[in-house]
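*Asks:* structure of the sequence below:
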Amino acid sequence: LLVITDGNGDSLDETRRKLLVYNQLPLSVIFVGVGRSDFGQMYSFLQESTRESMNSSFVEFRKHQYNPAALGRVALCQLPDDLCAYMRRRGF
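*Replies:* This next block holds a predicted model:
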């Protein structure tokens, strides 16, 4: 699931609740930050709890805006780990 965000933390509590549900599914959530915001709140949010952020990652678009291949690599690098973690949790 790709979530494009401006870094505004207005709905972090709702996002946290949804991540807890998504953590039980074979789903990776990739947050891409756009704009000139300070994304410190997003980094902190995803690091607060291992359980909540287990299947989530965050990447800032502006750090890779001139290199689409790097943006894709960084955004997708966690997918294999997410898949393996999900399979282990399910006993495979």
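*Asks:* count of neighbours near Thr5?
*Replies:* Thr5 has 18 neighbours, counted by other CB atoms under 10 Å. The C-beta positions use only the backbone N, C-alpha and C, and glycine is treated the same way.
*Asks:* just confirm it contacts Phe31, I think it does.
*Replies:* Yes. With contact defined as CB atoms under 8 Å, Thr5 counts as touching Phe31 (5.6 Å).
*Asks:* so what sits against both of these two?
*Replies:* Counting by CB atoms under 8 Å, 6 or more residues apart in numbering, the shared contacts of Thr5 and Phe31 are Met42.
*Asks:* ok, Ala70 - how many residues close by?
*Replies:* Using other CB under 10 Å: Ala70 sits among 13 other residues.
*Asks:* swap that for Met87, sorry
*Replies:* When neighbours are counted by other CB under 10 Å, Met87 registers 11.
*Asks:* got the buried residues for the helix or strand hosting it?
*Replies:* Under the criterion of DSSP states H and E, Met87 resides in helix 79-89. Buried residues in helix 79-89, counted by 16 or more other CB atoms under 10 Å: 82, 86.
*Asks:* for stretch 2-16, same thing?
*Replies:* Neighbour counts using 16+ other CB under 10 Å place 5, 7, 15 of stretch 2-16 among the buried residues.
*Asks:* may I have the phi/psi pair for the last one?
*Replies:* In this case it means Thr15. Note on Thr15: its backbone torsions stand at phi -60, psi -40 [degrees, to the nearest 10].
*Asks:* what confidence value was assigned to the closest residue to it other than its chain neighbours?
*Replies:* Distance criterion CB to CB, 6 or more residues apart in numbering; nearest residue to Thr15, sequence neighbours excluded, is Phe45 at 7.5 Å. Note for Phe45: predicted pLDDT of 79.
*Asks:* mind checking which helix or strand the spatially most central residue of the chain is in?
*Replies:* Nearest residue to the geometric centre of the chain (CA atoms, centre = their mean): Ser57, 2.6 Å. Element membership for Ser57 (DSSP H and E) is strand 56-60.
*Asks:* list the buried ones in stretch 34-49?
*Replies:* Within stretch 34-49, the residues that count as buried by 16+ other CB under 10 Å are 37, 39, 42, 45-46.
*Asks:* under the pLDDT cut-off, which ranges of the chain? List them.
*Replies:* Residues of the chain that meet the criterion pLDDT under 70 lie in 9, 49-54.
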